[in-house]
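Engineer: build the 3D model from these lines:
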Amino acid sequence: MNQQIVFESGEKFYRIPALICLQKKESKILLAFAEQRRTSKDETAEKLVMKKGEVNSSGKTVKWSELKVVEKAHLDKHRPMNPCPVYDKVKETLFLFFICVEDGVDEDSQKKNYQNKAQPCYITSTDFGETWSDVIELRDKLSDIQAWATFAFGPGHGIQTESNRLIIPVNAYCSSCINSVWCWCCRTCCVSCLGWCCRKCYRDSWCNLDSYALSLYSDDYGDSWKFGKMFETKSGECQMAEISKEKIYCSARSTNKFRVETFSDDNGINFSKDKSAQKLVEVHTKSVLGCQGSVISFPASDQSSDKWLLFTHPTGPGRMKLGVYLNKSPSDPKAWSEPKVINNGPSGYSDLAYIDDGWFACLFECGKQDIHEQIAFVTFTEDVIKKNIPG
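Structural biologist: From the prediction side, this is the model:
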């Protein structure tokens with residue numbers, strides 16, 4: 001597998017990759033997104049940037065354009081973060097979701113003070129990212145976020161299901177009592193009080209602050225958006241994939257030893273409790289618990305009705321050795337293969353895309369000394385993965 005460097009850190013740093021493959025007439029194109037930062041730290045994010053990749057007829061090689069700043073992904077006195085693209089095939093519209101966080105405010109201070117300074121935003125394009133709409137803010141249309149300490153999209157790609165529902169993966173920090181039906185502080189439903197009493201609880205150390213994954217979805221091609229139900233299991237950054245009609249798989253970051261794996265039978269609104277069979281191990285560093293991972297579904301080679309799943313995530317302690325896992329029976333978390341390593345050194349966040357005809361692409365953080373040095377890109381085939389993975 002030949003690596004191509006798509007974003008390389010120098011005077012600026014690049015983190016948080018997102019990748020999407022689009023059909024343009026008779027050809028395929030890839031759009032790669034990332035955060036441009038002053039340093040590797042989250043609070044120094046400045047802009048979202050992108051590159052466009054032209055895929056050759058065999059799908060094996062990609063020619064990348066020059067780096068372009070996504071100027072429309074911007075709010076005054078805020079920094080854009082967590083790019084999350086999704087494409088609506090019906091209206092042929094590309095959505096780029098991201099959060100805009102108030103300048104000078106980091107995630108820890110939001111959680112400590114229980115004050116959400118993140119704005120949910122998106123922009124759209126009808127010409128494959130050549131031009132973009134003005135930014136659209138969703139905060140006033142999504143009242144749920146008033147009860148959260150902070151939240152984020154993805155990062156990575158969203159999906160469109162067979163029923164044309166658009167789904168964006170989300171994770172939100174809230175006090176544990178918000179995730180229950182009844183609040184014992186004010187004797188009312190937490191949804192009704194929008195978490196005000198729960199914020200007070202958290203400050204007084206009566207409730208714990210935890211992260212929970214959920215979906216943001218649209219059934220009208222992006223005209224309006226709603227949140228699904230928050231997961232019952234503590235869970236962080238996540239991605240979702242459709243494995244059959246109405247059935248969605250989710251893999252989420254965890255502070256425990258293994259990834260959180262859940263399923264939805266109603267097209268991504270409600271998800272089950274954690275179904276993990278402990279085949280996907282989470283990785284931790286001395287200072288950070290867990291790491292983001294990417295998942296996609298693709299047509300099964302055996303012509304079965306269910307799709308197969310592919311998952312990427314660091315396999316070694318301290319975020320080393322990016323691995324690709326294959327699951328031919330996606331409803332069974334026990335069916336994950338052993339990983340095929342596609343990057344031997346430091347490896348961080350990643351995002352997968354299915355090109356076509358058994359070809360896949362992966363955009364991922366990596367480097368010789370640490371994961372902040374570059375964002376690289378590889379393509380590989382289903383045959384390579386199956387041949388090199390037993391079982």
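
Engineer: how about the helices in the stretch 151-300 of the chain?
Structural biologist: All helices of the stretch 151-300 of the chain, identified by DSSP state H, counting those that start in this stretch, fall at 190-193, 196-203.

Engineer: what mean pLDDT would you report for the first one?
Structural biologist: Averaged across helix 190-193, the pLDDT comes to 46.

Engineer: one more: the longest one?
Structural biologist: Here the mean pLDDT over helix 196-203 is 53, rounded to a whole number.

Engineer: can you list the weak-confidence ranges in the stretch 151-300 of the chain?
Structural biologist: By pLDDT under 70, the low-scoring segments of the stretch 151-300 of the chain are 176-207.

Engineer: would you map the strands across it?
Structural biologist: Assigned by DSSP state E, counting those that start in this stretch, the stretch 151-300 of the chain shows strands spanning 159-160, 166-175, 182-183, 188-189, 209-218, 226-227, 238-244, 247-252, 260-264, 294-298.

Engineer: would you confirm that D106 contacts D42?
Structural biologist: Yes: with contact defined as Cβ atoms under 8 Å, D106 reaches D42; the gap is 6.4 Å. All C-beta atoms are positioned from the backbone trio N, CA, C, and that covers glycine.

Engineer: mean neighbour count for the strands of the stretch 151-300 of the chain - can I get that in JSON lines?
Structural biologist: Converted to JSON lines, the strands of the stretch 151-300 of the chain look like this (neighbours: other Cβ atoms under 10 Å):
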{"stretch": "strand 159-160", "mean neighbour count": "20"}
{"stretch": "strand 166-175", "mean neighbour count": "26"}
{"stretch": "strand 182-183", "mean neighbour count": "16"}
{"stretch": "strand 188-189", "mean neighbour count": "12"}
{"stretch": "strand 209-218", "mean neighbour count": "23"}
{"stretch": "strand 226-227", "mean neighbour count": "16"}
{"stretch": "strand 238-244", "mean neighbour count": "25"}
{"stretch": "strand 247-252", "mean neighbour count": "26"}
{"stretch": "strand 260-264", "mean neighbour count": "23"}
{"stretch": "strand 294-298", "mean neighbour count": "24"}
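
Engineer: can you put these in TSV and add distance to G318?
Structural biologist: Formatted as TSV, those follow (distance: least, Cβ to Cβ, whole Å):
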stretch	distance to G318
strand 159-160	31
strand 166-175	23
strand 182-183	40
strand 188-189	43
strand 209-218	22
strand 226-227	34
strand 238-244	22
strand 247-252	21
strand 260-264	21
strand 294-298	19
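
Engineer: can you give me the end-to-end distance of stretch 217-225?
Structural biologist: Distance between the boundary residues of stretch 217-225 (Cα to Cα, to the nearest Å) amounts to 5 Å.

Engineer: ugh, wrong one, I meant stretch 125-142
Structural biologist: Start-to-end, stretch 125-142 (Cα to Cα) is 23 Å.

Engineer: next one: stretch 282-294
Structural biologist: 13 Å.

Engineer: ok, and what's touching it?
Structural biologist: If you take Cβ atoms under 8 Å, 6 or more residues apart in numbering as the criterion, stretch 282-294 is touched by 155-157, 236-237, 239, 251, 253-259, 280, 311-320, 348-352, 362.

Engineer: so among those residues, which ones count as buried?
Structural biologist: Neighbour counting with 16 or more other Cβ atoms under 10 Å marks 155-157, 236-237, 239, 251, 253-254, 259, 280, 311-316, 318-320, 348-352, 362 as buried within those.

Engineer: put the alpha carbons of stretch 318-333 into CSV.
Structural biologist: The C-alpha coordinates for stretch 318-333 follow below in CSV (Å, rounded to 0.1, in the frame of the first residue of the first chain):
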residue,chain,number,x,y,z
GLY,A,318,-0.3,4.7,22.7
ARG,A,319,-2.0,5.0,19.3
MET,A,320,0.3,2.9,17.1
LYS,A,321,-0.3,0.6,14.1
LEU,A,322,-3.5,1.6,12.3
GLY,A,323,-5.5,-1.6,11.6
VAL,A,324,-8.3,-2.6,9.3
TYR,A,325,-10.9,-5.0,10.6
LEU,A,326,-13.5,-6.9,8.5
ASN,A,327,-16.9,-8.2,9.6
LYS,A,328,-18.8,-10.5,7.2
SER,A,329,-21.7,-10.9,9.7
PRO,A,330,-22.2,-7.4,10.9
SER,A,331,-25.1,-8.2,13.3
ASP,A,332,-22.6,-10.3,15.3
PRO,A,333,-19.8,-8.3,17.1
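
Engineer: quick check, distance from it to the centre of its chain.
Structural biologist: Relative to its chain's centre, stretch 318-333 lies at 16 Å (Cα atoms, centre = their mean, to the nearest Å).

Engineer: please apply the same query to stretch 128-147.
Structural biologist: With Cα atoms, centre = their mean, you get 17 Å for stretch 128-147.

Engineer: cheers, nothing more for now.
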